[in-house]
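**Student:** Got a predicted structure here, sequence first:
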Amino acid sequence: MKKEFKAAIIIAVILVATMGILAVILPYLKDDEIQTPKVVRIYVNSTIYDSIFTELTQYKQDLTNQGFNATLITWSDLNILNLKNDLNNSYNSPQSLFGAVLIGEMPYTMYQNGSEIFPSDLFLMDLDGLWVDADPPPPLNDGIYDHHHDGYGDIYPEIFVGRINPERLNNVNHTSEYKDYFKRNHEYRNGSLTRPHSQLVYIDDDWATTQQLVNEWLGDMTAYSNITCISNGTQTTALDFKSRLTHIYEFVHLFVHSFYYQHQFGPGGYGTEGILTYNDILSTNLSALFFNLYACSACRYHEIDNLGTEYLFSGNTLSVVGSTKTGGMTMNSYFYTPLSQGKVIGEALRLWFSNPLHPAWDGQSQGMTLLGDPFLTI
């Protein structure tokens with residue numbers, strides 16, 4: 001035989017043997033061991049795409065460097081069902097969708113639980129559940145969903161989403177806010193924006209009625225060992241909390257009574273120990289990078305000058321977790337433990353939603369949302 005022919009036979013034998021080995025071991029490999037790049041989608045409102053093209057291109061490259069298969073999409077359709085269908089199609093494609101970020105004004109849906117009506121991003125995250133507008137007879141069909149069932153799968157989210165949108169803020173230049181946000185986002189990713197691995201847990205009066213309760217909250221903060229806890233009822237005031245917003249922490253977790261436009265410190269939520277408004281947040285150079293707000297309705301992102309969006313576009317903030325309705329995150333270890341394992345913040349929130357001990361249909365959960373980049377790790 002010629003040398004070339006012998007070499008070809010040897011290569012063929014090696015390939016067949018390799019394929020046989022892979023056929024045996026692949027079923028036992030975990031997804032992260034196979035190292036297939038996770039698919040992510042970056043949806044951008046078409047009216048702002050050109051004005052922040054440079055920042056978007058850098059952001060896509062940052063996600064690529066992080067190991068994702070990222071796609072930039074200009075979007076102008078205001079129909080929430082079309083956006084959900086696009087997410088669903090990507091999730092059901094051969095390379096399943098991992099998560100998405102929505103930049104600029106993007107569609108959202110409203111959900112009703114009892115007398116509360118609020119935006120629910122769980123609608124975009126749960127791709128196989130059944131969402132129904134089934135008002136008491138006669139049906140109103142008002143476009144507000146009020147029932148959430150298993151449908152063809154379950155009520156838990158398959159993906160996660162995050163929103164980056166300063167458009168609901170007054171008295172700021174929106175283009176500048178986008179540019180500033182993506183600038184610090186890139187700086188965090190390349191290591192030039194850093195914080196010590198530390199957390200401020202600020203617990204106002206009604207969440208700190210006993211030391212046992214405080215200890216339970218702290219026991220759930222499983223991503224951090226360096227924790228500063230402020231829970232003394234006479235110390236937790238609007239003025240004190242505002243002063244701590246300029247201190248150097250990586251993560252701040254706040255428990256306080258709120259409306260979407262202000263925090264109200266003191267027992268019962270009457271603001272007897274001070275009020276912190278959206279203007280106070282806007283005028284403060286926030287030092288922390290991440291926030292979790294147990295603050296009723298603080299992240300009602302469709303409202304003008306809502307607190308969650310003010311936090312996101314003030315100072316150095318990168319991501320904000322909070323609720324669009326009353327309540328906030330409980331059983332926090334199901335969120336913080338994935339973060340401690342290196343999961344991105346969007347995936348940590350998805351896993352929290354998926355905890356069967358704190359089901360997604362629970363009234364405290366339905367309004368939980370993520371403002372900011374969902375692909376960041378602490």
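**Tutor:** Received, thanks. Keep in mind that this is a model prediction, so the values were computed, not measured.

**Student:** Can you pull the phi and psi angles for Val172?
**Tutor:** phi -140, psi 160 (degrees, to the nearest 10).

**Student:** Where does pLDDT dip in the stretch 251-378 of the chain?
**Tutor:** Within the stretch 251-378 of the chain, the ranges that satisfy pLDDT under 70 run 358-361.

**Student:** which residue ranges form the helices in it?
**Tutor:** 278-282, 307-312, 333-340, 345-353 (DSSP state H, counting those that start in this stretch).

**Student:** Could you say which of these is packed most deeply?
**Tutor:** helix 307-312 (a mean of 29; mean count of other C-beta atoms under 10 Å). No exception for glycine: its C-beta is placed from N, CA and C like everyone else's.

**Student:** counting contacts, what elements does that helix pack onto?
**Tutor:** For helix 307-312, the contact count by 3 or more C-beta pairs under 8 Å, 6 or more residues apart in numbering; DSSP states H and E identifies helix 278-282, strand 290-294, strand 319-323, strand 368-372 as packing neighbours.

**Student:** how many neighbours does Asn171 have?
**Tutor:** 7 (other C-beta atoms under 10 Å).

**Student:** Mind pulling the model confidence for it?
**Tutor:** The model reports Asn171 with a pLDDT of 86.

**Student:** you'd agree it is in a strand?
**Tutor:** No - secondary structure of Asn171 (DSSP: H, G, I helix; E, B strand; the rest coil): coil, not part of a strand.

**Student:** Show me where the stretch 1-150 of the chain dips below the pLDDT cut-off.
**Tutor:** In the stretch 1-150 of the chain (pLDDT under 70), the answer is 1-35, 135-142.

**Student:** Tell me where it has strands.
**Tutor:** Under the criterion DSSP state E, counting those that start in this stretch, the stretch 1-150 of the chain contains strands at 38-45, 68-75, 97-103, 110-113, 116-119, 130-132, 147-149.

**Student:** from the ones you listed, which stretch is densest packed?
**Tutor:** strand 97-103 (a mean of 25).

**Student:** which strands and helices sit next to that strand?
**Tutor:** strand 38-45, helix 80-91, strand 160-164, helix 345-353.

**Student:** Who are the contact partners of Lys84?
**Tutor:** Lys84 makes contact with 123-124, 127, according to C-beta atoms under 8 Å, 6 or more residues apart in numbering.

**Student:** Tell me the secondary structure at Ala234.
**Tutor:** Not Ala; residue 234 is Thr. coil.

**Student:** From Thr272, how far off is it?
**Tutor:** 12 Å (C-beta to C-beta, to the nearest Å).

**Student:** out of these two, which sits in the busier spot?
**Tutor:** More crowded of Thr234 and Thr272, by other C-beta under 10 Å: Thr272, with 13 against 8.

**Student:** doesn't Gly266 make contact with that one?
**Tutor:** Yes - Thr272 is within contact range of Gly266, at 3.7 Å (criterion: C-beta atoms under 8 Å).

**Student:** that older thread, most tightly surrounded among the helices and strands packed on helix 307-312?
**Tutor:** strand 319-323 (a mean of 27).

**Student:** Now for Ala295, how many residues are close by?
**Tutor:** Quick note: Ala295 (other C-beta under 10 Å) scores 28 neighbours.

**Student:** So it is in contact with Val252, correct?
**Tutor:** No - at 11.4 Å, Ala295 and Val252 do not qualify as touching, with contact defined as C-beta under 8 Å.

**Student:** I'd guessed Lys179 sits against Glu55; true?
**Tutor:** Yes - with contact defined as C-beta under 8 Å, Lys179 reaches Glu55; the gap is 5.7 Å.

**Student:** who touches Lys343 in this structure?
**Tutor:** So Lys343 contacts 351, 377 (C-beta under 8 Å, 6+ apart).

**Student:** Backbone dihedrals for it, both of them.
**Tutor:** Residue torsions, per degrees, to the nearest 10, at Lys343 are phi -70, psi 150.

**Student:** Centre of the chain to stretch 46-61, how far?
**Tutor:** 20 Å (C-alpha atoms, centre = their mean, to the nearest Å).

**Student:** partner residues bridging the closest residue to Lys60 other than its chain neighbours?
**Tutor:** Nearest non-adjacent residue to Lys60, counting by C-beta to C-beta, 6 or more residues apart in numbering: Ala70, 5.0 Å away. As for beta bridges, Ala70 partners with Val40 under DSSP bridges.

**Student:** any idea how far Tyr156 lies from Gly308?
**Tutor:** Tyr156 is 23 Å from Gly308, by C-beta to C-beta.

**Student:** And for His174?
**Tutor:** Counting by C-beta to C-beta, the gap from His174 to Gly308 is 16 Å.

**Student:** Please flag which of the contacts of Lys84 sit within helices.
**Tutor:** 123-124 (DSSP state H).
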